[in-house]
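what follows is a protein structure lacking sequence information:
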């Protein structure tokens, strides 16, 4: 009897939800909105328990299965009897099945969800969660926003609005831990590498697709705002380690949690990297460096080069005044210069070799270049010396940040 209610033991079920059988069992049928009251699952399959109050004011609590948009497992039939074998071994009679697909966190208790029931199943299927008003700013990219910091309004990573906040719609409590991370990294004033503009509430219809975990990890694919900025893909952990592929400014940036190491490939093709602790390279093959420009190296605590085998060490200069094949000119102003061949020998050939001779004092020194964009290393043989952020040598910066009230910066 569609459209009527049928009295059952303990609650009423809408007529469209009653399914009779020879066992006199009433199963729900159709789609309903419920509230999550339990999100742990002893079977580890993502099941949730939902309270549904859609039946003439009465309440039903049902277990609902997770429905993922992509997932499954390989066929079980070919699985062998050897439970220790991995799937897809050489013989189709061996191996256990393999699972694959997308796995998602269950909704928090109190979340409204859409569930569906079919006549053939006592358990329902959880299809998705409903978005509450003012509860999706952090979705899509864990974006920064105008934020309260005591009595001050600042730009900061932010949480959702407090339900008791009756002020404007766009100012939220600051995520002070997130702001502290940006400050430590040196990106608190960087509107691309630091602050994210990617939010579900930036524009409508939204140009942002993203995943934000409960703990704060983020995967964002942003097609950009109305001004064409913020076109990027960003992977960021709660603690701030991140990878950014930015189409607006044309760079790729990788940074650790503290900003003590970072790498950037810019639109011009430059590769900059910085490390506070050191850079180490190890290889079982050759290590080759070739530059059509200059190779500039400077060390504040000495340069050590050693070879332990092969054909020894060879140095050649095809042109210029410092040469160990056609002309030798070595100059040291503050320390001794030592050459020690141990049990081997040293060869120096050239039309003229001056060692502490009348023309040796004319040896040219490397050109020292001012590092005008640096705050720590202000001069160096190198033409470009990356530093801890904020580094003014970054090839691309964004001068403004769009918030709900307009631009900031």
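Looks like it came in fine. Only a predicted model underlies this, so the values are computations on that prediction, with no experimental measurement involved.

is the most centrally placed residue in the chain bridged to anything, and to what?
Nearest to the centroid of the C-alpha atoms of the chain, with distances taken as CA atoms, centre = their mean, sits residue 235, at 2.3 Å. With DSSP bridges as the criterion, residue 235 is bridged to residue 219, residue 243.

list the contacts of it.
Going by CB atoms under 8 Å, 6 or more residues apart in numbering, residue 235 touches 218-220, 242-243. No exception for glycine: its C-beta is placed from N, CA and C like everyone else's.

including neighbour count and pLDDT, could those go into CSV?
Listed next are the contacts of residue 235 as CSV, based on neighbours: other CB atoms under 10 Å; pLDDT from 0 to 100:
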residue, neighbour count, pLDDT
218, 22, 96
219, 15, 97
220, 25, 97
242, 21, 98
243, 14, 98
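
which of those residues sits closest to residue 68?
residue 219 (16.3 Å; CB to CB).

that closest one contacts residue 210, doesn't it?
Yes. The criterion here is CB atoms under 8 Å, and residue 219 meets it with residue 210 at 6.0 Å.

domain assignment for this structure?
In terms of domains, the chain is parsed into 5-68+103-129, 134-278+365-409, 322-363 (source: automatic domain parsing).

now the strands for the stretch 251-400 of the chain?
Listed in chain order, the strands of the stretch 251-400 of the chain (DSSP state E, counting those that start in this stretch) span 251-255, 261-265, 271-275, 327-328, 352-353, 369-370, 379-380.

what residues sit buried inside the first one?
Of the residues in strand 251-255, those with enough neighbours to count as buried (16 or more other CB atoms under 10 Å) are 251-255.

residue 378 touches residue 385, doesn't it?
No. At 9.3 Å, residue 378 does not count as touching residue 385 under the criterion of CB under 8 Å.

spatially nearest residue to residue 75, not counting backbone neighbours?
Leaving aside its chain neighbours, residue 75 sits nearest to residue 97 (6.8 Å; criterion: CB to CB, 6 or more residues apart in numbering).

residues near the one you found, how many?
14 (other CB atoms under 10 Å).

what's the pLDDT at it?
Residue 97 carries a pLDDT value of 76.

same check, this time on the one 10 residues further on
You'll see residue 107 listed with a pLDDT of 94.

quick one: residues contacting it.
36, 39, 48, 113, 126, 129.

tell me which of these fall in helices.
Among those, no member falls in helices (DSSP state H).

farthest pair in these?
39 and 129, at 11.2 Å, using CB to CB across these.

how close does the residue nearest to the centre of the chain sit to residue 254?
10 Å (CB to CB, to the nearest Å).

which neighbours do those two share?
By CB under 8 Å, 6+ apart, the residues touching both residue 235 and residue 254 are 242-243.

is it true that the residue nearest to residue 75 touches residue 74?
Yes. The pair residue 97 / residue 74 is scored as a contact, 4.6 Å apart, by CB under 8 Å.

returning to what we had before: how about a markdown table for the strands of the stretch 251-400 of the chain, with mean pLDDT and distance to residue 312 added?
Compiled in a markdown table, the strands of the stretch 251-400 of the chain are given as follows (pLDDT from 0 to 100; distance: least, CB to CB, whole Å):
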| stretch | mean pLDDT | distance to residue 312 |
| --- | --- | --- |
| strand 251-255 | 97 | 38 |
| strand 261-265 | 97 | 34 |
| strand 271-275 | 96 | 31 |
| strand 327-328 | 38 | 17 |
| strand 352-353 | 68 | 19 |
| strand 369-370 | 90 | 33 |
| strand 379-380 | 91 | 30 |
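
turn the ones you listed into CSV, columns for distance to residue 298.
As requested, the strands of the stretch 251-400 of the chain are exported to CSV (distance: least, CB to CB, whole Å):
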stretch, distance to residue 298
strand 251-255, 25
strand 261-265, 20
strand 271-275, 15
strand 327-328, 22
strand 352-353, 26
strand 369-370, 10
strand 379-380, 5
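
and those: which comes nearest residue 120?
When the strands of the stretch 251-400 of the chain are compared by CB to CB, strand 251-255 sits nearest residue 120, at 50.1 Å.

residues making contact with that closest one?
185, 187, 193, 240-246, 261-267, 389, 395-396.

do stretch 377-396 as well
For stretch 377-396, using CB under 8 Å, 6+ apart, the contacting residues are 185-187, 189-190, 192-193, 246, 249-251, 255, 259-260, 262, 264, 266-268, 270, 272-274, 276, 294, 296-298, 366-371, 373-376.

ditto for stretch 200-220
Contacts for stretch 200-220 (CB under 8 Å, 6+ apart): 105, 108, 136-143, 178, 196, 198-199, 221-226, 232-238, 402, 404.

can you give me the end-to-end span of it?
11 Å (CA to CA, to the nearest Å).

buried sites along that stretch?
Those would be 200-202, 206-208, 210, 212, 216, 218, 220, for stretch 200-220 by 16+ other CB under 10 Å.

next, give me the two most distant ones among these.
207 and 216 (22.0 Å).

quick check, distance from stretch 206-225 to the centre of its chain.
Distance of stretch 206-225 from the chain centroid (CA atoms, centre = their mean, to the nearest Å) equals 11 Å.
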